[in-house]
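> Sequence and predicted model, in that order:
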Amino acid sequence: MFSGLFGWFRSQRMAMAVFASMASLYFFTNFQRVGIPGTVFNEIQSDFGVSASAVTALAAVFLYVYAGMQVFIGAGADRFGPGRMLLVGAALLVIGSILFAFAPTMTTLLLARALVGLGASFMYICIIKQIINTFETRFFPPLLGLLLLVGYSGGIVATAPLALAVGRYGWRASFAVAAVLSLAAYVVMAVLVIRVRKSSGHRPSFSLASAFALLKRREIYPLLVTGAINFGIYYVLQVTIGKKFLEDFLGMGSGAAALVTGAMLLTVTLGYTVGGFLPKLTGERRKPFVIIASAGVLLASAMLAAGMAAGLPAWWFAAAFVVLGATNSPAIVATSLLKEMSPRATAAFSISILNAACYVSVAMASTAAGLVLDRFESGAREVNGHMVYPPAAYGVMFAGMVVLASVSLAVSFFAPETHGVQYNEETAPAVHAGASQA
C-alpha cells in the first residue's frame, strides 16, 4: 500500500508541490495558535503588567475570529476555489504575525492576534478543499493525516523549542523570526498557486440548497457536540493553561512544562499521521473511533482531577496529558465522516461546520479559564513578576472538564456510521440511512 502511495506522489509532483507549500503555511498557523499565550504566558503578563484574563484574551480573540469565519471560509472555498482564498488568508496571517512581534501595547497585541486568527481561519478548510479538488477520494485520509502532521509539527516547535528560544533571545525576537519565515513560505505558495491557476480554471460549485440540506440532517449534530467538547478540553490544556498549571501546581520550570505539553502535541501529531488508516483495520467503520475519543478525553480529565485531589506526582499528570493527546487523534475520523455525509460541492462547507463548533468551544473554554484564574487571584502570589495561582483554581477547571467529557461520551453513542460510503445526492437517502443504523 505504502509503495503505491509513494509512487503516486512522484507522479503528482506539481500538485504535491502546491499542497506542500500550503501545508508549510499551516505549520506557521499552528505555531502561532499554540505558542500564544501558552508558551509565553508569564513573559507577556510580566512585560505588560496585565491580569490572567487579559493574557488568555490573546487566545480567545484568535479563537472567536477563527471560529466565526469558518462557515464563511468553507462556503468561499467551495464557491471561489481554495487557491484564491489562501492568497488572501495567508497574507493576513503574515501581516498579523509581523505586527505581533513588534506590538508596543496590549491593544496592539490583541489587534495582531485578531489578524492572525482571521488569516488562520482560511488555512485548514481551504487546504482540505484543495485536496478534494486535486486528488482522488481514496487518498483523502492519508493526505489529511500528512497535512495534520506538518501543521501540528508547528505546534510542537511552539512548545519546548520556542520556550528555549524565548529564554535565550526573548519572545519578540523569537516571534519576529517566525514571522519572516512565514513570509518566505507565503511567497513560495503564491508563486505556485498563481502558476497552477493560469493552467486550470475553477468552476463555482457551492450550492446553498445543499448546505441547508446538510444542516437539516440530525445525524451530524452528535459529531458537532463531541468534537466541540473533546477539542475544547484538549485545546485549553495544550494552548491556554496546561503549561501554566504545570508551573503553578507542580513547580515545574518553563522548559520542563513545555516538554510535557510538547509530548502531548507530539502524541496528537503521530496519531493524526496514522489516523487516516485506522478505519481500514475495522472494516471502514467510523463510529467506534468517535466513542473511543470521547472515552479517552473523560479518562484524561478524571486523571487530572484525581491527581490533584490525591496529590499525585508529576509523572501522573504528564501521563494524563499524553492520554488526552492520544485520544484526540481519532478526531480525524470525524472529519472523514462529515466529508462522506455531504455532496462534493459543499465538502469544505460541511467540514467548516465542525471546525467552527470546535473553535467556538475552545474560545469559550479559554475565556472561562481566564475568568476562573481571576476569581482566585486573591489567593495567588507574585513570583518574579508573574502570578502563581492556587490549586483550587485548577481544581475547578478539571471538575468542569470531567462533567463536559461525560456529556461527550454519552452523545458519542449517537454518532452516525457511513462505512466509508461517499454521499451521492441520488443514492444517499437509501445508502446513508442503512449505514447510520449499522
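Ah, there it is. Residues are numbered from 1 along each chain as shown.

> From here on, just use CA atoms for contacts and neighbour counts.
Will do.

> isn't residue 214 right up against residue 349?
No - Residue 214 is beyond contact range of residue 349, at 9.5 Å (criterion: C-alpha atoms under 8 Å).

> Buried residues of the helix or strand that contains residue 315, list them for me.
Applying DSSP states H and E as the criterion places residue 315 in helix 314-328. Within helix 314-328, the residues that count as buried by 16 or more other C-alpha atoms under 10 Å are 316-328.

> And the strands in the stretch 251-400 of the chain?
Assigned strands in the stretch 251-400 of the chain, in chain order: 381-383, 386-388 (criterion: DSSP state E, counting those that start in this stretch).

> Poorly predicted segments of this protein, please.
1-11, 197-211, 275-277, 329-331, 344-345, 385, 422-438 (pLDDT under 70).

> ok so, going back, wait, which of the strands of the stretch 251-400 of the chain is closest to residue 30?
In terms of C-alpha to C-alpha, the element of those nearest to residue 30 is strand 386-388, at 25.7 Å.

> and the closest one, what does it pack onto?
Other helices and strands packing on strand 386-388, by 3 or more C-alpha pairs under 8 Å, 6 or more residues apart in numbering; DSSP states H and E, are helix 41-48, strand 381-383.

> try 10 Å this time
Strand 386-388 sits against helix 41-48, helix 242-250, strand 381-383, with contacts defined as 3 or more C-alpha pairs under 10 Å, 6 or more residues apart in numbering; DSSP states H and E.

> So which of residue 214 and residue 349 has more stuff around it?
Taking neighbours as other C-alpha atoms under 10 Å, residue 214 and residue 349 compare with residue 349 leading, 33 against 19.

> Surely that one is in contact with residue 71?
Yes - using C-alpha atoms under 10 Å as the test, residue 349 is close enough to residue 71 to be in contact (6.1 Å).

> before we move on, back to that, Throw the buried residues of helix 314-328 into a markdown table and include distance to residue 189, thanks.
Output for these, formatted as a markdown table (distance: C-alpha to C-alpha, whole Å):
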| residue | distance to residue 189 |
| --- | --- |
| 316 | 43 |
| 317 | 40 |
| 318 | 38 |
| 319 | 39 |
| 320 | 38 |
| 321 | 35 |
| 322 | 34 |
| 323 | 36 |
| 324 | 34 |
| 325 | 30 |
| 326 | 32 |
| 327 | 33 |
| 328 | 30 |
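
> which among the residues you listed gets closest to residue 83?
Using C-alpha to C-alpha, the buried residues of helix 314-328 come closest to residue 83 at residue 328, 29.1 Å.

> Now that closest one. Nearest residue, chain neighbours left out?
residue 293 (5.8 Å; C-alpha to C-alpha, 6 or more residues apart in numbering).

> rewinding a little: so what does the helix holding residue 315 touch, helix or strand wise?
Using 3+ C-alpha pairs under 10 Å, 6+ apart: helix 314-328 touches helix 221-235, helix 242-250, helix 254-275, helix 287-310.

> Report all helices and strands that the longest one contacts.
In terms of contact count using 3+ C-alpha pairs under 10 Å, 6+ apart, helix 287-310 is assigned the packing partners helix 221-235, helix 314-328, helix 331-340, helix 391-412.

> Go through those helices and name the closest to residue 281.
Closest approach to residue 281 among those is made by helix 331-340 (12.8 Å; C-alpha to C-alpha).

> For that closest one, list the C-alpha coordinates in PDB.
Only the C-alpha atoms of helix 331-340 are listed here, as PDB (Å, rounded to 0.1, in the frame of the first residue of the first chain):
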ATOM      1  CA  ALA A 331     -10.800  13.200  15.600                       C
ATOM      2  CA  ILE A 332      -9.600  12.800  12.000                       C
ATOM      3  CA  VAL A 333     -12.300  10.100  11.600                       C
ATOM      4  CA  ALA A 334     -15.000  12.700  12.400                       C
ATOM      5  CA  THR A 335     -13.700  14.900   9.600                       C
ATOM      6  CA  SER A 336     -13.900  12.000   7.100                       C
ATOM      7  CA  LEU A 337     -17.400  11.200   8.400                       C
ATOM      8  CA  LEU A 338     -18.600  14.700   7.600                       C
ATOM      9  CA  LYS A 339     -17.000  14.700   4.200                       C
ATOM     10  CA  GLU A 340     -18.600  11.400   3.400                       C
END
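
> Show me what it is packed against.
helix 140-157, helix 221-235, helix 254-275, helix 287-310, helix 347-375.

> buried set for that helix?
In helix 331-340, counting by 16+ other C-alpha under 10 Å, buried: 331-340.

> just stretch 85-94 next, same as before
So for stretch 85-94, counting by 16+ other C-alpha under 10 Å, buried means 85-87, 89-94.

> Hmm, residue 305 and residue 396 touching each other?
Yes - the criterion here is C-alpha under 10 Å, and residue 396 meets it with residue 305 at 8.9 Å.

> And those two? Which one has more around it.
Between residue 396 and residue 305, counting by other C-alpha under 10 Å, residue 305 is the more crowded of the two (22 against 14).

> right, and the strands of the stretch 251-400 of the chain - which one's nearest residue 256?
For these, the distance to residue 256 is smallest for strand 386-388, at 16.6 Å, taking C-alpha to C-alpha.

> How about residues contacting that closest one?
With C-alpha atoms under 10 Å, 6 or more residues apart in numbering as the test, strand 386-388 has contacts from 41-47, 49-52, 244-245, 247-249, 251, 373, 377, 379-382.

> Quick one: buried ones out of these?
The neighbour-count test (16+ other C-alpha under 10 Å) marks 41-45, 51-52, 244-245, 247-249, 373, 377, 380 as buried among those.

> how about these, which pair is most distant?
Pairwise over the buried ones among the contacts of strand 386-388, using C-alpha to C-alpha, the maximum falls at 44 and 249, 19.8 Å.

> ok, back up a step: adding distance to residue 366, write the helices and strands packed on helix 314-328 out as TSV.
Conversion of those to TSV gives the following (distance: least, C-alpha to C-alpha, whole Å):
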stretch	distance to residue 366
helix 221-235	9
helix 242-250	11
helix 254-275	16
helix 287-310	16
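
> These: which one's closest to residue 122?
helix 221-235 (18.9 Å).

> angle of the closest one against helix 287-310?
Using axes from the mean of the first three to the mean of the last three C-alpha atoms, to 10 degrees, the inter-axis angle of helix 221-235 relative to helix 287-310 is 40 degrees.

> other SSEs contacting helix 221-235?
helix 254-275, helix 287-310, helix 314-328, helix 331-340, helix 347-375, helix 391-412.

> repeat that for 6 Å
helix 347-375 (3 or more C-alpha pairs under 6 Å, 6 or more residues apart in numbering; DSSP states H and E).

> Name the residues of the helix it packs on that are buried.
347-363, 365-374.

> mind checking how far residue 284 is from residue 414?
Using C-alpha to C-alpha, to the nearest Å, one obtains 18 Å as the distance from residue 284 to residue 414.

> The helix or strand harbouring residue 168 versus helix 41-48: what angle between them?
Per DSSP H and E, residue 168 falls inside helix 160-169. With the same axes, to 10 degrees defining the directions, helix 160-169 sits at 30 degrees from helix 41-48.
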